[in-house]
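Visitor: coordinates only, sequence not included:
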């Protein structure tokens, strides 16, 4: 029985990219009984090329591909049994190509936002985790599919935040990444009123047409003013009567316009309570509605809800 030690072969990779691999080949042969006969590279069962024993780098590889390095080592203990061989194999996989993922705004209307993806992912390294829509840091909607890119039933004239979260694995383990964009819905069109007047000596007949393509207005009041003061009279069949002759009057038609579709986040919170509230939405303002054209409804609300 020979007391000589068997040679031991070990190969480890320390640097792998999409097209290269560097390795260490370590051979322990205390008896100096053998030699490396061949080092070869395979892709599956297909022979690719022979590697030089003095070379520790393999290049010109294909990304995301499994390879095998085979080492054939021949040794002889001079024990009359002839030469023997060791066939050692080492498997490795190159990295996937680094993907490119961009999140872009595609289309915006008054109540919808559509996003678009710009993806270059040759080796399938990306997987979407979720696509989220936020308004004032409040989560509005979540999608988990790349085919869902349209957000509907949104508030007009608001800025939303879109966050795409996805996993990336280029054969080095999962990494979580996010992309963020901000998109704004379009503003609603401001309603207008066309007024037609027909005056006699003591009467004023009127008609009006509300142009409201987005149907956001509500008729608040029709008032007649004389010398800057609102008169405490009402019209009958669109006519004010018993007026002063040869005098100038002003007809004021007030609309309440809801530019937030009646669904602002704060308003919804107040609706869940017993607290009185009065909501005023102004186009292009978003908060702090300074300088209301008609402050009377707000003043009435404050007066009616103030403690004596």
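Guide: All right, it came through fine. Small disclaimer: the values here were computed from a predicted structure and weren't measured.
Visitor: so where's the stretch 51-200 of the chain uncertain?
Guide: Under the criterion pLDDT under 70, no range of the stretch 51-200 of the chain is flagged.
Visitor: pLDDT on the lengthiest helix in the chain, on average?
Guide: Counting residues, the longest helix found in the chain (DSSP state H) is helix 296-304. The pLDDT scores in helix 296-304 average 80.
Visitor: One more: stretch 6-18?
Guide: Mean predicted lDDT for stretch 6-18 stands at 95.
Visitor: Okay, buried residues for it please.
Guide: By 16 or more other CB atoms under 10 Å, the buried positions in stretch 6-18 come out as 7, 9, 11, 16, 18. C-beta here means a position set from N, CA and C on the backbone, and glycine is covered the same way.
Visitor: can I get these in CSV with secondary structure and distance to residue 238?
Guide: Output for those, formatted as CSV (DSSP: H, G, I helix; E, B strand; the rest coil; distance: CB to CB, whole Å):
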residue, secondary structure, distance to residue 238
7, coil, 109
9, strand, 103
11, strand, 96
16, strand, 84
18, coil, 78
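Visitor: Can you name the two of these that sit furthest apart?
Guide: Greatest spatial distance in the buried residues of stretch 6-18: 7 and 18, 33.8 Å, computed using CB to CB.
Visitor: How many neighbouring residues does the closest residue to residue 112 other than its chain neighbours have?
Guide: For residue 112, ignoring the flanking residues on the chain, the nearest one in space by CB to CB, 6 or more residues apart in numbering is residue 152 at 5.1 Å. When neighbours are defined as other CB atoms under 10 Å, residue 152 has 10 of them.
Visitor: Got phi/psi on residue 152?
Guide: phi -120, psi 170 (degrees, to the nearest 10).
Visitor: And the one 10 residues further on, by the same measure?
Guide: Taking degrees, to the nearest 10, you get phi -110, psi 130 for the backbone angles of residue 162.
Visitor: quick one on the thing from earlier: my read: the residue nearest to residue 112 touches residue 114, true?
Guide: No. Residue 152 sits out of contact with residue 114 when judged by CB atoms under 8 Å, with a separation of 9.4 Å.
Visitor: need the contact list for residue 58.
Guide: 20, 21, 22, 23, 41, 51, 67, 69 (CB atoms under 8 Å, 6 or more residues apart in numbering).
Visitor: Who is it paired with across the strands?
Guide: residue 21 (DSSP bridges).
Visitor: Distance of it relative to residue 16?
Guide: From residue 58 over to residue 16 the distance is 10 Å, taken as CB to CB, to the nearest Å.
Visitor: and what of residue 176?
Guide: 22 Å.
Visitor: roughly how far is the longest helix of the chain from the heart of the chain?
Guide: Distance of helix 296-304 from the chain centroid (CA atoms, centre = their mean, to the nearest Å) equals 41 Å.
Visitor: ok, how many other residues are close to the residue nearest to residue 258 when sequence neighbours are not counted?
Guide: Spatial nearest neighbour of residue 258, excluding adjacent residues (CB to CB, 6+ apart): residue 216 at 5.0 Å. When neighbours are defined as other CB under 10 Å, residue 216 has 21 of them.
Visitor: now the strands for the stretch 201-308 of the chain?
Guide: Using DSSP state E, counting those that start in this stretch, the strands found in the stretch 201-308 of the chain span residues 204-211, 217-226, 229-230, 239-240, 249-257.
Visitor: tell me the residue furthest from the middle of the protein?
Guide: residue 80 (73.7 Å; CA atoms, centre = their mean).
Visitor: May I have the phi/psi pair for it?
Guide: According to degrees, to the nearest 10, residue 80 has phi 80, psi 0.
Visitor: and residue 4, that's in a helix?
Guide: No. Under DSSP: H, G, I helix; E, B strand; the rest coil, residue 4 falls outside any helix and is assigned coil.
Visitor: Let me see the contact set for it.
Guide: Neighbours of residue 4 in contact, by CB under 8 Å, 6+ apart: 30, 31, 33, 77, 79.
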